[in-house]
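# Take a look and give me a structure for this.
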Amino acid sequence: MLITSRRRLADLETDDCLSLDVLPPKDGLALVTRLASARRVAAGPQDAQDVVRLCGYVPLAIRIAGARLRARPAWSMAHLAQRLREEQGRLAEQRLFRLTASWTGSPSAVYIRTADHAVKRLYALRMQLPRPPADASVRARAFDDDQEALSWLNAQRLNLVAAVQHAADHDLHPVAYHLADAIRSHLFYQRHDAELRRVAQARLRAAHASGDRDAQATLYSTMSGLAWYVGDTRLALQHLIMARTAARDDTSPDRTATILAQFGLVYIELGRLDDAVENIQSSLAIHERCADAPGIGRVQAAMGKF
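Numbering: from 1, shown residues only. Okay, here's the model as predicted:
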């Protein structure tokens with residue numbers, strides 16, 4: 001007898017349990033090719049990859065999507081991908097619509113904590129907002145390894161982005177900027193720049209609406225890093241000025257130190273070397289005062305002192 005379930009059946013008396021992961025991208029693409037025809041995949045290879053990704057690499061979801069395409073000859077792969085994006089956005093809105101602004105015991109708290117757990121397995125986090133204490137009802141998912149965490153983030157990415165935007169648009173400000181804070185490292189390091197920008201803008205609206213200066217400082221710092229990455233140093237400097245204005249030195253010296261180090265890097269690009277040295281040295285002094293070894297290492301790397 002074979003029993004399958006999307007959840008672990010802890011009460012099932014058996015020693016033979018097998019946990020299956022989602023399909024690798026290559027296998028997911030092969031499945032949609034078999035279902036929808038090689039010709040349609042060849043006509044839109046990137047769209048086909050997007051369809052597989054939007055299905056979360058789940059075989060059943062890919063089969064349903066492929067069957068929809070096969071039953072509708074007029075649809076292109078790009079059309080199906082767009083419909084899936086819209087459906088995921090609506091699903092995220094339906095989930096978020098039921099949340100309240102006091103989120104510490106709500107489903108959104110589980111979502112935020114799960115995202116935190118996944119991201120912390122994969123990336124070195126800096127300037128993370130402190131989370132309000134969650135009540136005993138919050139049971140966030142844990143991840144056994146890095147691949148499981150990465151698969152979850154990839155499968156949930158569009159839902160997470162849509163959830164941030166919906167929360168910001170419906171006055172759920174803490175949900176918006178804490179969820180955005182949880183996923184920004186993943187979006188940044190995986191180079192999902194367009195989604196990172198949308199998340200940053202939604203988070204900025206929520207942070208200003210709620211008057212949360214810590215959230216504003218972190219947000220402007222993130223936007224500065226994105227602008228600097230794409231080569232717009234003057235915009236990066238404008239965002240840093242806003243971040244420095246919002247940052248509170250007494251409550252988050254790490255945030256202040258990081259912003260000062262960013263000033264140093266931007267000033268180097270602008271040829272303002274005296275200003276660069278002053279800001280980098282100020283950043284280093286804060287990290288040393290806080291005995292923050294990783295922070296010291298990052299600043300020394302920026303100074304070229306390996």
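
# okay, now D274: neighbour count?
Neighbours of D274 under the rule other Cβ atoms under 10 Å: 8. (Glycine included, C-beta is placed from N, CA and C.)

# Helix or strand for it, just tell me which one.
helix 273-289 (DSSP states H and E).

# separation between C55 and A65?
Separation of C55 from A65 (Cβ to Cβ, to the nearest Å): 5 Å.

# Quickly list what's touching both of these two.
When contacts are counted by Cβ atoms under 8 Å, 6 or more residues apart in numbering, the set common to C55 and A65 consists of L84.

# just to revisit the earlier point, in the helix holding D274, which residues are buried?
For helix 273-289, the neighbour count (16 or more other Cβ atoms under 10 Å) marks 276, 279-280, 282-284, 286-287 as buried.

# what do you get for stretch 169-176?
Buried, per 16+ other Cβ under 10 Å, within stretch 169-176: 172-176.

# Quick one: distance of it to the chain centre.
Mean C-alpha position of stretch 169-176 versus that of the full chain (Cα atoms, centre = their mean, to the nearest Å) differs by 16 Å.

# could you give me the average pLDDT of it?
Mean pLDDT, stretch 169-176: 80.

# What's the local residue count around the closest residue to E195 other than its chain neighbours?
Nearest residue to E195 in three dimensions, chain neighbours excluded: V161, at 4.9 Å (Cβ to Cβ, 6 or more residues apart in numbering). Around V161 there are 24 other residues, counting by other Cβ under 10 Å.

# So V161 sits against R197, correct?
No. In this structure V161 lies outside contact range of R197 using Cβ atoms under 8 Å: 10.4 Å.

# Quickly list what's touching both of these two.
Taking Cβ under 8 Å, 6+ apart as the contact rule, V161 and R197 touch no residue in common.

# pLDDT wise, what is the residue nearest to E195 at?
Reported pLDDT for V161: 87.

# With Q128 instead?
At Q128, the pLDDT value in this model is 67.
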